[in-house]
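Engineer: got a structure for you, letters missing:
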C-alpha cells in the first residue's frame, strides 16, 4: 500500500544552520505531497504542498521539491530559527476529493540559540 | 470561528466508559476527516464524511468506534467501552470538496484511558 518514510529524529541544530529532513514515498499513480508542522500543544498546520512532479512548494523560508524519479519530497531551510522547533510530518494523498492523508512518523526538530 | 474547533481538549476516562469527542469544522467545508495519533507517531486515518454521508470508515479499529455527522456540519466520534489502547490524540480535519485542497486540522482531543 501507499506509505511515507521520514528520516528518524530528533534533529538538533544551532540557530542559522541549514536544515534538511528527508522524505520518500511509495504510491501508485500521482499523489500530492505535503509537509505539515506541529508546534508543541497545537494541531497540525499545513507548511507547504506540491501537486505534480517538479513542483516546488515553499513557505516561511522552507522549500520542498516533488521528485518523481527519486520518489522524494525533502524539506529544506537555509537558516533555521529557534521558533522552527516543532515536529514535521511528510504526507501524501491521491488528490481525489475525500482521500485521506497518509503520514510519515514525524521528525522532531530542536533548534538552540 | 475561523478554524476547526475540537472539544474537549483533554479527556480522561476509566476503562470501560464511553466517550464522545466533538469536531466543529470550518464553515462550508464539505469534507471532514477523523484521525488517531498515537504518541510519537503520525496521524492515522479513521473515517471520512462528505456532508452527512460517511463514505469511508475503513480506518475505524473496532466496532466500539462510531462517528456521525447528522446535519453535515458538526461531527462526533464516539468510543464505547474504552480500552487503554484507545489512549491517543484524536484529530479532526476539514476541507473544501475539491481535488488537492489541503486539509485544515483542529488542535485535537487528547484522550487518556486509565
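Structural biologist: Looks like it came in fine. Computed from a predicted model, the values in this text were never measured in an experiment.
Engineer: okay, CA-based contacts and neighbour counts for the rest of this
Structural biologist: Will do.
Engineer: Next up, the contacts around residue A:9.
Structural biologist: A:106, A:107, A:108, A:109 (C-alpha atoms under 8 Å, 6 or more residues apart in numbering or on different chains).
Engineer: typed the wrong thing, it's residue A:85
Structural biologist: A:39, A:108, A:109, A:110, A:111.
Engineer: Just give me the neighbour total for residue B:12.
Structural biologist: For residue B:12, the neighbour count with other C-alpha atoms under 10 Å in any protein chain shown is 12.
Engineer: Name the nearest residue to it, sequence neighbours excluded.
Structural biologist: residue B:112 (4.8 Å; C-alpha to C-alpha, 6 or more residues apart in numbering or on different chains).
Engineer: That neighbour: how many residues sit nearby?
Structural biologist: 19.
Engineer: Does it touch residue B:13 like I think?
Structural biologist: Yes - at 6.4 Å, residue B:112 counts as touching residue B:13 under the criterion of C-alpha atoms under 8 Å.
Engineer: Give the intersection of the neighbour lists for the two.
Structural biologist: With C-alpha under 8 Å, 6+ apart, residue B:112 and residue B:13 have no common neighbours.
Engineer: does any bit of the helix or strand harbouring residue A:34 sit next to chain B?
Structural biologist: Assigned by DSSP states H and E, residue A:34 belongs to strand A:32-38. Yes - using C-alpha under 8 Å from any C-alpha of the partner chain, strand A:32-38 comes into contact with chain B via residue A:32.
Engineer: what element comes up after that strand heading to the C-terminus?
Structural biologist: strand A:44-50.
Engineer: Note down every partner strand of that next one and its orientation.
Structural biologist: Paired with strand A:44-50 in the same sheet, following DSSP bridges, are strand A:32-38 (antiparallel).
Engineer: Okay, and the beta partners of residue A:14?
Structural biologist: residue A:112.
Engineer: For the residue in chain B that chain A sits nearest to, which non-adjacent residue is spatially closest?
Structural biologist: When scored by C-alpha to the nearest C-alpha, chain B has residue B:107 as its residue closest to chain A, at 3.8 Å. Residue nearest to residue B:107 in three dimensions, not counting chain neighbours: residue A:43, with 3.8 Å by C-alpha to C-alpha, 6+ apart.
Engineer: Also residue B:20?
Structural biologist: That would be residue B:78: by C-alpha to C-alpha, 6+ apart, it lies 4.4 Å from residue B:20.
Engineer: Report how many residues lie close to that neighbour.
Structural biologist: Residue B:78 has 17 nearby residues by other C-alpha under 10 Å.
Engineer: backbone phi and psi for residue B:56, please?
Structural biologist: phi -150, psi 120 (degrees, to the nearest 10).
Engineer: and it, what pLDDT?
Structural biologist: The model reports residue B:56 with a pLDDT of 93.
Engineer: hang on, isn't it packed against residue B:45?
Structural biologist: No - the criterion here is C-alpha under 8 Å, and residue B:56 misses it with residue B:45 at 9.8 Å.
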